[in-house]
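Asks: below are the sequence and a predicted model; questions follow.
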Amino acid sequence: MLTNMLYQVPDGTQSGALDTHFVPERIDLLGGVDYICLEYSRANSKEEKRDLFFVLFDYVVHQINETCLAAGLSTYTYDDAQPLASLLASADAPEAFYISVKHGVEGVGDMLTKAISAALSQSAEYEQLNTLLDKVIRKLDGTVSTFSRIDNEFAYMIQVTKSFKCFSSIQDGSEDGDIASRARLCWATLHSLLHSQISSYRHHGYIWLVELLLSEVSEETDGSVWSKIQNLQEEIKDAGSHDTSCPEVSLPVCLLCGLLKSKHNYIRWGFLYVLEKFLMRCKLLLDDSDMQEHSVAYHSKNRLDKAFAVIDVMSTALLLVFQSNETDHINILKMCDMLFSQLCLRLPSTNVMQLGGLQSLGQLFGCTTKNMECTLETLASHKTIGTKSLSRNETLQDTGMNQSTQSALLCETSMSALLLKGLAIAPMQLVARVPTSLFFWPLMQLEGAASDDIALGIAVGSTGRGNIPGATSDIRAALLLLLIGKCTADPEALSEVEGNEFFRGLLDDTDSRVAYYSAAFLLKVCLSAVVDCLLTFLLHLALIKFLVVQRMMTEEPDVYQRMLQSLISKAQQCNNEKLLENPYLQMRGILQLSNDLGVQ
């Protein structure tokens, strides 16, 4: 609905005709292009990302046309831009720029330009399309950078806060009272941005705070990046267990943890948003540091340790959310999404177009690159690229996709849905690093939310979409699977959730999958206990029978010798040499013969 508001259908257009015009003035009425970028960064489904990306695409084409008009040059029409839009869609540009908007990653546009230019080289319209591609990518990069980077007017304040990152440095580190006063003003400004009621102000505060947290681990001081990340983890732990004004905790960590103390759920949400961006930037930082200092072989071997470092920081921070007893379902769902993105790994697809760094970038940020297929080569092989265009006005339904295909597209961005479908895995080495409470607590907090989703879908006349892939039901089911895996591998984790009684209580859960998984776990536990008892019984029985045979060997050797000969004869008659090879079968055979001969 939002994207449709930005387009206008001229009067007299026939029904079903794809003749729409972009109205850029309506973006200003919504709050400017920053609002579109904000919604883009929060998008969940492929369809949302695609629609919002093409809003940005049409917006930058409009800006390019305005520049052309001012210079007295000819403008680009819809037909001129349509082939390029198709190529960008085929190269999964909506996903790539989503990564750039959400995580502030630079260089995405250059990667796309290299990939698409190769496909354009075989086109008859190469020069015109390549020129437009260069202009569009530069405009998109500039628009995204404006949103994902702090405004230049804050540059001085950011530098001041980086220089005075603890209470002692402000109070005692400077003899100049004016400098100390300016430092306090800068920190107060950041605090005001983080706690503002205006979302755009908070967004700038988040970017500022992420930069400060990154400077804690990336500055060229004593110690490696690894040790600095561990120190930051300890600071977060101290901030949760003590007063945040204690000297051991830096001001960036104080402000981060202070967000959880707000009475407003949207302010507390900022804690999770900043943490997520910081973790993603830490991954890039660790990769850069590792590649510079070690060989490729060592880098591959050390990948698990890097995952441990990031997960440990995440677990320590999310424990503060648990300790604050967060009640807002949106914040809890955000927390779960972060858990799955760090713990789960997508299984590789065999039909992926190799785009170099772009593909690995998508995998790093937990985003699918499934759509990066060889469509570019197919499009480039045709002289008229426009005949293969995928219209920006088409929807999933318009392209004739069946329901199963739509579901697959929707769940591609949901790690919980992929985990349940067997398209992602959660290595137990990573799951073991996460405290049990981070699986148990959100599972219980979201109880009933799945049925609420379905009830809402029925109330608004949904055609079976009340529980789409990746919704609350999938999240609870995936949380339970991870909890079961942890309890199976670690008996202490099972005791933390009060043992099997907890899973017995889930048998009455309103979510059928939660009840089913709980029943399967309890059945496995019961069968394991029965097998243990049976093995113990058989062991005792075998020991008794062994003692009987041993007594026979020592006290009645003649009888034992006859039994062995009879056993050999029986093995020959049955043509079964296993009677003589397997000690267990030998003993069973001797005992059977003993019974037949009436030996006591």
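Replies: Cool, the structure landed.

Asks: domain assignment for the chain?
Replies: The chain resolves into domains spanning 2-148, 150-335, 534-597 when parsed by automatic domain parsing.

Asks: got TSV for those domains, with distance to D490, mean neighbour count and mean pLDDT too?
Replies: In short, each C-beta sits where N, CA and C put it, glycine included. Formatted as TSV, the domains of the chain follow (distance: least, CB to CB, whole Å; neighbours: other CB atoms under 10 Å; pLDDT from 0 to 100):
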stretch	distance to D490	mean neighbour count	mean pLDDT
domain 2-148	32	17	84
domain 150-335	15	17	83
domain 534-597	23	13	64
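
Asks: ok, which of those domains comes nearest A417?
Replies: With CB to CB as the measure, domain 2-148 is the member of these nearest A417 (11.0 Å).

Asks: got the domains of the chain as JSON lines, with distance to R433 columns?
Replies: Shown next, in JSON lines, are the domains of the chain (distance: least, CB to CB, whole Å):
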{"stretch": "domain 2-148", "distance to R433": "23"}
{"stretch": "domain 150-335", "distance to R433": "5"}
{"stretch": "domain 534-597", "distance to R433": "33"}
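
Asks: nearest to L430, out of the ones you listed?
Replies: domain 150-335 (5.9 Å).

Asks: show me which positions of stretch 495-509 end up buried.
Replies: Across stretch 495-509, burial judged by 16 or more other CB atoms under 10 Å covers E496, V497, F502, F503, L506, D509.

Asks: what about it, start to end distance?
Replies: 21 Å (CA to CA, to the nearest Å).

Asks: please shift the residue numbers so they start at 277 in all later answers.
Replies: Happy to do that; since the first residue is 277 now, the last one works out to stretch 771-785.

Asks: name the residues that touch that stretch?
Replies: Applying CB atoms under 8 Å, 6 or more residues apart in numbering, the external contacts of stretch 771-785 come out as 712-713, 716, 723, 756, 759, 763, 770, 790-791, 794-795, 797-798, 801.

Asks: the protein: strands as residue ranges?
Replies: In the chain, the strands defined using DSSP state E lie at 283-284, 297-298, 621-622, 700-701.

Asks: of those strands, give the one that comes closest to F430.
Replies: Nearest to F430 among the strands of the chain is strand 297-298; the distance by CB to CB comes to 31.9 Å.

Asks: any idea which of the contacts of stretch 771-785 is the one closest to V486?
Replies: For the contacts of stretch 771-785, the nearest to V486 is S713 (26.2 Å; CB to CB).

Asks: how close does the closest one get to L594?
Replies: 9 Å (CB to CB, to the nearest Å).

Asks: and if you look at L360?
Replies: L360 sits 42 Å away from L594, going by CB to CB.

Asks: pull up the distance across stretch 394-410, start to finish.
Replies: Stretch 394-410 has an end-to-end distance of 13 Å (criterion: CA to CA).

Asks: sorry, that was for stretch 616-624
Replies: By CA to CA, one end of stretch 616-624 lies 17 Å from the other end.

Asks: list the buried residues in that stretch.
Replies: Here stretch 616-624 shows F616, S617, Q618, L619, C620, L621, R622 as buried, counting by 16+ other CB under 10 Å.

Asks: what is the most widely separated pair among those?
Replies: Q618 and R622 (12.8 Å).

Asks: how about I760: what's its closest non-neighbour residue?
Replies: In this structure, I760 finds its nearest non-sequential neighbour in F797, 4.9 Å apart by CB to CB, 6 or more residues apart in numbering.

Asks: and the pLDDT at the one you found?
Replies: We have a pLDDT of 85 for F797.

Asks: any idea how far T279 is from it?
Replies: Going from F797 to T279 by CB to CB gives 44 Å.

Asks: and I701, by the same measure?
Replies: Note on I701: its distance to T279, by CB to CB, is 35 Å.

Asks: likewise for I587?
Replies: Where T279 is concerned, I587 sits at a distance of 36 Å (CB to CB).

Asks: and if you look at D564?
Replies: Going from D564 to T279 by CB to CB gives 37 Å.

Asks: same check, this time on F440
Replies: The gap separating F440 from T279 is 44 Å, by CB to CB.

Asks: now swap in P767 and tell me
Replies: Separation of P767 from T279 (CB to CB): 52 Å.

Asks: now swap in L548 and tell me
Replies: 27 Å.

Asks: does I505 touch F584 like I think?
Replies: No. I505 is not in contact with F584 according to CB atoms under 8 Å; the separation is 10.5 Å.

Asks: turn the strands of the chain into a markdown table, including distance to K537.
Replies: A markdown table is the format used below for the strands of the chain (distance: least, CB to CB, whole Å):
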| stretch | distance to K537 |
| --- | --- |
| strand 283-284 | 43 |
| strand 297-298 | 44 |
| strand 621-622 | 34 |
| strand 700-701 | 35 |
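
Asks: of the contacts of stretch 771-785, which belong to helices?
Replies: Using DSSP state H to define helices, the subset of the contacts of stretch 771-785 located there is 713, 716, 756, 759, 763, 770, 790-791, 794-795, 797-798, 801.

Asks: among those residues, name the buried ones.
Replies: Listed as buried from these are S713, F716, L756, L759, C763, L770, V790, A791, S794, F797, V801; burial here means 16+ other CB under 10 Å.

Asks: so what's the fourth one closest to, chain neighbours aside?
Replies: In other words, L759. F715 (4.1 Å).

Asks: which ones are touching that neighbour?
Replies: Per CB under 8 Å, 6+ apart, neighbours of F715: L615, L755, L756, L758, L759, K762.
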